[in-house]
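[1] kindly generate the corresponding structure for this input.
(4 chains)
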2 protein chains.
Amino acid sequence: MQDVADQARTSKTTAHYVLTGQDQKLRIAEETRRRVLRAATELRYRPNLMAKGLRTQVTRSIAFISDTVATEAYAGNLVYGAIAAAAEHGYLLFVCETGGDPELEASLIGDLASRHVDAYVYASLFTREVQIPAELHFERTVLLNCLAADNSSPAVIPDERQAGRDAACALLDRGHRRAIWLVGEPGEQVLAGAQRTEGIRQALSDAGTELAGTVDCKWWPEPAYEQFGAFLDDGGDPSAVICLNDRVALGVYQALKARGRSIPTDVSVVSFDDSDLAAWLQPPLSSIALPHRQMAAEAIRLLMTDGALAEHPVHVAMPVRLRESIGPPRS
Amino acid sequence: MQDVADQARTSKTTAHYVLTGQDQKLRIAEETRRRVLRAATELRYRPNLMAKGLRTQVTRSIAFISDTVATEAYAGNLVYGAIAAAAEHGYLLFVCETGGDPELEASLIGDLASRHVDAYVYASLFTREVQIPAELHFERTVLLNCLAADNSSPAVIPDERQAGRDAACALLDRGHRRAIWLVGEPGEQVLAGAQRTEGIRQALSDAGTELAGTVDCKWWPEPAYEQFGAFLDDGGDPSAVICLNDRVALGVYQALKARGRSIPTDVSVVSFDDSDLAAWLQPPLSSIALPHRQMAAEAIRLLMTDGALAEHPVHVAMPVRLRESIGPPRS
DNA sequence: TTGAAAGCGGTACCAG
DNA sequence: CTGGTACCGCTTTCAA
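    Residues are numbered from 1 along each chain as shown, chains lettered A, B, ... in the order given. The predicted model follows:
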């Protein structure tokens, strides 16, 4: 900046005012202003954000700390949503992964503190309750896809309970009332499993009916295929199936097809997550989507507007994606 | 640091040497050293990386610029691999997305330059040729999953040609020689399509045979299902099918199953990418994996060791994941 | 309307 | 072995 000032034959101060756009209120001579601007272009002046940050303690950078978003492909949108939302405010993200290792986490946070990031997004791949490191309590922090046990920090999570209701309603709306089965163990994921199930039960109950039963299995295609297949072979005859996620639905599809049962003619299927898979299956699978990008955007919004004011946790609606896997019940 | 020095009743300089671990060669009095260390702990001293960077021009941060990794779920490993590899060297990553917009890209690079990142990783979702912004020519840059037209910068790409050979060999090894069909349009992705196909043709040719033909279609389940289905209905009777990616393979699976043809008894299938999907299909799909994490690690390694020395582009081997989708040909 | 100068928190040179 | 000090590039107060 000194060199710009020199080239413009003025002082660093004046150049500073011009270059930071404070020239309006400070009534800098138009002539001077021009010289500064020209000098800046000629010298390809770039403000040094380190120097600026050193002085102002503002870095326009945010730390995005996640446990292991990597392993779950579709959760990448948590990161990209945050990056995009932050970029709109002129912020850049330091994206970090702790792999669930508390020591690594501590050292990362130390490093981030040394870099004076302005805020922290603490994200989890699975919606769950977390214990955030004590250091973060003193920093501007928002939890993404997770909740603090003490609800001490603003948090953004998907509205799983409503999603459960919506899944049930998708079936109810088409006339299903009986032989509605749930596939997947409700307890697997602290929040998603329990809340989805709760929502489903509520909606069915409101409609004067209830789940015919549950086929317990891990949330993966293989176990779903095995367990649900065994259920069918035992005489199970569902009219509709609610799968706790798309991977389970894949296993259910495979089990049904292997037995010559048609979707949705014989059995309707609805699921959760709306991963890529859902649209690729045949018939395309109806699924309640995880709104990762919106959640991330909301988290950034909370950071930008001092989320402390907001009611939290913030529940983000999960969009219903209706496709051909739901039909009327067999008459 | 001044306060640490004060509390330790010594000078900033001495404190600096102790705190930066230069105390060995400089023979600082053990007693003084202790006092400094204790003061640092008591005062919870944290070096300010902005101040340090301002002085040394080193920020221990790397920019990761990608076009739109977001849209393609499994490409997330390019980012996470880079984050993990960089973390091992004490570097943090600014992860950015341009969405393919040149203006946004330019403004991002400007911002990154203002922050004095030490190096740039310019990544592409699809393996392709790119035109990197001129500014990056003057910075330490490595291309990830893409190539500069003029091969001016170090680049890391998957070894698609060898992958093509490997896919063909997976079939040849089981005895397939005739009625081997390729599904997917070879030209879709500049490098992947052309090189995979080339490798396949080479391997088959080396074995004294050749492709029976190609079923042209976009690399998505739906078009693959349609085109390959039509091919079968027209009397197509493949012994083995090489799909240009897993999504195509999904469509092929669906088309085969709809017609009662069994995999691998009637038809063997091999594919590329090894996305999550591959392991979930029934039977599990043999696929040549995109080694995104290794590629990213290699890119970071090049940056750390001054990759200018390396032979480039660096080709990273694509691992063969053999699963049950390949069997011997019908006799 | 413009300029001088102190200071953010480190680094590194030089003197003692 | 230890201390003094200039300086990195920008912000901000105070004076002119």
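[2] average pLDDT across stretch A:92-108?
    On average, the pLDDT along stretch A:92-108 is 93.
[3] okay, now it: how far is its last residue from its first?
    End-to-end distance of stretch A:92-108 (C-alpha to C-alpha, to the nearest Å): 17 Å.
[4] if you count neighbours, what's buried in it?
    Of the residues in stretch A:92-108, A:92-98, A:105, A:108 count as buried by neighbour count, 16 or more other C-beta atoms under 10 Å in any protein chain shown. All C-beta atoms are positioned from the backbone trio N, CA, C, and that covers glycine.
[5] just the helices in chain A please.
    A:2-7, A:12-19, A:23-26, A:30-42, A:49-56, A:76-88, A:102-114, A:160-173, A:190-206, A:221-233, A:246-258, A:276-280, A:292-304 (DSSP state H).
[6] alpha carbons only: can I get stretch A:27-47 in CSV?
    Only the C-alpha atoms of stretch A:27-47 are listed here, as CSV (Å, rounded to 0.1, in the frame of the first residue of the first chain):
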residue,chain,number,x,y,z
ARG,A,27,-14.5,13.8,0.9
ILE,A,28,-11.2,13.0,-0.7
ALA,A,29,-10.3,15.1,-3.7
GLU,A,30,-11.5,13.5,-6.8
GLU,A,31,-8.2,14.1,-8.4
THR,A,32,-6.3,12.3,-5.6
ARG,A,33,-8.8,9.5,-5.6
ARG,A,34,-8.2,8.9,-9.3
ARG,A,35,-4.4,8.9,-8.9
VAL,A,36,-4.6,6.3,-6.1
LEU,A,37,-7.0,4.1,-8.1
ARG,A,38,-4.8,4.2,-11.1
ALA,A,39,-1.7,3.5,-9.1
ALA,A,40,-3.4,0.5,-7.5
THR,A,41,-4.3,-1.0,-10.9
GLU,A,42,-0.9,-0.3,-12.4
LEU,A,43,0.9,-1.9,-9.4
ARG,A,44,-1.7,-4.7,-9.3
TYR,A,45,-2.3,-3.9,-5.6
ARG,A,46,-3.8,-6.7,-3.5
PRO,A,47,-4.6,-6.1,0.1
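[7] now find how far off-centre that stretch is within its chain.
    43 Å (C-alpha atoms, centre = their mean, to the nearest Å).
[8] how close does the residue nearest to A:L285 when sequence neighbours are not counted sit to B:V314?
    Computed as C-beta to C-beta, 6 or more residues apart in numbering or on different chains, the closest residue to A:L285 that is not its neighbour in sequence is A:A278, at 4.2 Å. According to C-beta to C-beta, to the nearest Å, A:A278 stands 37 Å off from B:V314.
[9] who's more crowded, these two?
    Applying other C-beta atoms under 10 Å in any protein chain shown to A:A278 and B:V314 shows that A:A278 carries more neighbours, namely 23 against 18.
[10] check what pLDDT that one gets.
    96.
[11] hang on, the earlier thing: out of the buried residues of stretch A:92-108, who's near chain B?
    For chain B, the contacts drawn from these by C-beta under 8 Å from any C-beta of the partner chain are A:92-97, A:108.
[12] just those now: which is nearest B:L191?
    Closest approach to B:L191 among those (C-beta to C-beta): A:V95, at 26.9 Å.
[13] so what's A:K257 up against?
    By C-beta atoms under 8 Å, 6 or more residues apart in numbering or on different chains, the contact list for A:K257 reads B:K257.
[14] now it: how far from B:T265?
    A:K257 sits 17 Å away from B:T265, going by C-beta to C-beta.
[15] give me the distance from stretch A:303-320 to the chain's centre.
    From the chain centre to the centre of stretch A:303-320 is a distance of 12 Å (C-alpha atoms, centre = their mean).
[16] what is the end-to-end distance of it?
    End-to-end for stretch A:303-320, by C-alpha to C-alpha: 28 Å.
[17] now it: average pLDDT?
    84.
[18] show me which residues of that stretch are buried.
    So, applying 16+ other C-beta under 10 Å, buried residues of stretch A:303-320: A:303-304, A:307, A:310, A:312-316, A:318, A:320.
[19] returning to that earlier point: so the residue nearest to A:L285 makes contact with A:N245?
    No - the criterion here is C-beta atoms under 8 Å, and A:A278 misses it with A:N245 at 9.9 Å.
[20] intersection of neighbour lists for the two?
    Contacts common to A:A278 and A:N245, judged by C-beta under 8 Å, 6+ apart, are A:S271.
[21] now stretch A:115-133: mean pLDDT?
    On average, stretch A:115-133 scores 92.
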